[in-house]
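Asker: Below are the sequence and a predicted model for it; my questions follow.
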Amino acid sequence: MKITIFGGGNIGTQFAVHCAEKGHQTTMYCSKPDVFQKTIYVLDAQDRILHTGTLRQATHDAAAAFSDADLIFVTVPAFCMQAAAETVYPFVKPGAMICIVPGSGGGECSFAKCLQKGAVVFGMQRVPSVARLKAYGEAVYGLGYRDALFVASLPADRAAYCAGVIGSIFDMPCSAMPNYLNLTLTPSNPILHTTRLRTIFKDYHAGVVYKTVPLFYEDWNDESSERLFLCDAEVQSICRALEAFDLSYVKSLTKHYESPTPSALTRKISGIQSFKGLKTPTVAAEGGLIPDFNSRYFTADFPFGLAILIQIADMIGTNAENMKETMRWYNDVGLPHDSFRYADYGITTYEAFAAFYGQ
């Protein structure tokens with residue numbers, strides 16, 4: 001296939017290597033194409049080469065990148081998704097597949113016009129592994145590859161085909177989920193990152209600085225787990241209320257992490273090897289550190305993650321008080337950012353919501 005990767009960061013570089021290694025004609029669409037080497041690599045933690053791929057080209061020319069693409073992977077942050085959709089739309093051909101990585105964050109609505117043009121929009125529930133750049137345009141670490149992947153699509157009947165494509169690229173089992181809401185409601189970063197930040201910076205206000213901050217995962221504590229448990233339960237309440245949809249793949253984080261209690265979840269998360277050493281997003285300030293409000297943990301996971309879950313809860317009338325409390329904290333301390341709104345896409349009632357996700 002002719003495959004274009006939209007975004008040359010951690011995930012985009014990893015995906016480009018895998019696609020090119022499988023013999024697909026792989027184009028990298030990014031802001032700094034001149035930096036990209038022809039041959040790029042995925043490495044393990046000891047800098048050993050796991051995968052090698054040779055790119056067809058790296059470019060910032062949208063026509064060259066998207067006009068003949070059979071498959072487009074969109075790996076930019078959620079807050080860039082609408083702009084990405086507007087870039088792709090003039091060039092996407094009917095029948096092309098557009099994969100949003102990961103699939104939560106409202107990107108399915110951003111690409112609605114591409115759907116109307118005859119494209120297939122699908123998303124991945126989670127990324128294949130933790131990906132961290134070693135050198136932009138050259139190599140990325142792939143840490144802790146999963147045993148299996150899951151995808152969902154719009155229209156829903158294309159999911160099995162999309163799953164086959166993803167499985168072949170990454171050499172791992174990939175299952176098709178029954179509808180896209182299984183991605184939209186995935187209880188991952190939208191509640192995982194947000195409740196953790198709420199706990200770490202609970203006393204933050206303008207003028208507060210920290211001498212040190214805990215590592216994000218390795219120093220995970222029971223307070224973070226307790227907040228996460230409460231929000232996770234609210235997501236499961238949403239799923240039960242949406243009885244017209246098969247949401248069996250929206251697995252509770254207590255099951256995903258095999259942790260029936262907050263203390264068990266603390267032990268599990270703090271002990272995950274691929275999470276070791278990951279820092280809490282901060283920036284230097286006079287006298288110490290303050291939260292990095294430009295981190296994706298803030299700019300994506302609150303306004304394009306938690307906000308979506310809250311809007312769905314409000315649309316169907318379920319309780320989301322714990323998620324709302326975490327969002328209120330963000331609104332009180334965070335810098336203003338654009339936020340996802342279903343109303344921007346004409347979805348203001350449950351009927352419109354059900355029609356869109358029932359495709």
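Answerer: Great, that's in hand.
Asker: tell me the strands in the stretch 51-200 of the chain, going along the chain?
Answerer: Using DSSP state E, counting those that start in this stretch, the strands of the stretch 51-200 of the chain run over residues 57-59, 71-74, 97-100, 120-124, 130-135, 139-143, 149-154, 174-176.
Asker: can you redo those as TSV with mean pLDDT?
Answerer: Below are the strands of the stretch 51-200 of the chain laid out as TSV (pLDDT from 0 to 100):
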stretch	mean pLDDT
strand 57-59	98
strand 71-74	98
strand 97-100	98
strand 120-124	97
strand 130-135	95
strand 139-143	97
strand 149-154	97
strand 174-176	98
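Asker: Make TSV from these and add distance to residue 235 and mean neighbour count to it.
Answerer: Glycine gets a C-beta too; all of them are placed from N, C-alpha and C. TSV is the format used below for these (distance: least, C-beta to C-beta, whole Å; neighbours: other C-beta atoms under 10 Å):
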stretch	distance to residue 235	mean neighbour count
strand 57-59	39	19
strand 71-74	24	26
strand 97-100	20	26
strand 120-124	17	27
strand 130-135	23	17
strand 139-143	27	22
strand 149-154	16	26
strand 174-176	20	20
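Asker: which one of those strands lies closest to residue 22?
Answerer: Closest of the strands of the stretch 51-200 of the chain to residue 22 is strand 71-74, at 11.5 Å (criterion: C-beta to C-beta).
Asker: Adjacent strands (with direction) for that closest one?
Answerer: Strand 71-74 has the following sheet partners, assigned by DSSP bridges: strand 2-6 (parallel), strand 97-100 (parallel).
Asker: can you put these in CSV and add distance to residue 165?
Answerer: Converted to CSV, these look like this (distance: least, C-beta to C-beta, whole Å):
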stretch, distance to residue 165
strand 2-6, 10
strand 97-100, 7
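Asker: just to revisit the earlier point, so can I have TSV of the strands of the stretch 51-200 of the chain showing distance to residue 80?
Answerer: Output for the strands of the stretch 51-200 of the chain, formatted as TSV (distance: least, C-beta to C-beta, whole Å):
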stretch	distance to residue 80
strand 57-59	18
strand 71-74	9
strand 97-100	12
strand 120-124	15
strand 130-135	17
strand 139-143	19
strand 149-154	20
strand 174-176	25
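Asker: Which among the ones you listed is found nearest to residue 293?
Answerer: strand 130-135 (21.5 Å).
Asker: Now do the domain split for the chain, please.
Answerer: 2-177, 189-357 (automatic domain parsing).
Asker: In JSON lines, list the ones you listed along with distance to residue 183.
Answerer: Below are the domains of the chain laid out as JSON lines (distance: least, C-beta to C-beta, whole Å):
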{"stretch": "domain 2-177", "distance to residue 183": "4"}
{"stretch": "domain 189-357", "distance to residue 183": "9"}
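Asker: right, so these: which one is the most enclosed?
Answerer: Mean neighbour counts were compared across these using mean count of other C-beta atoms under 10 Å; the top stretch is domain 2-177, at a mean of 20.
Asker: Report the outermost residue of this protein with respect to its centre.
Answerer: Most distant residue from the mean C-alpha position of the chain: residue 287, 33.6 Å away (C-alpha atoms, centre = their mean).
Asker: Would you check that it makes contact with residue 208?
Answerer: No. At 9.8 Å, residue 287 does not count as touching residue 208 under the criterion of C-beta atoms under 8 Å.
Asker: which one is the residue farthest from the centre of the chain nearest to, not counting chain neighbours?
Answerer: Spatial nearest neighbour of residue 287, excluding adjacent residues (C-beta to C-beta, 6 or more residues apart in numbering): residue 209 at 4.6 Å.
Asker: returning to that earlier point: what's the distance between the residue farthest from the centre of the chain and residue 211?
Answerer: Residue 287 sits 8 Å away from residue 211 when distances are taken as C-beta to C-beta, to the nearest Å.
Asker: same thing with residue 76?
Answerer: Computed as C-beta to C-beta, the residue 76 to residue 211 distance reads 34 Å.
Asker: My read is that residue 78 contacts residue 304, right?
Answerer: Yes. Residue 78 lies in contact with residue 304 (C-beta under 8 Å); the separation is 3.5 Å.
Asker: Who are the contact partners of the residue nearest to residue 287?
Answerer: Residues near residue 209 by C-beta atoms under 8 Å, 6 or more residues apart in numbering: 285-290.
Asker: now for the strands of the stretch 51-200 of the chain, which one comes closest to residue 262?
Answerer: Nearest to residue 262, of all the strands of the stretch 51-200 of the chain, is strand 130-135, at 23.7 Å by C-beta to C-beta.
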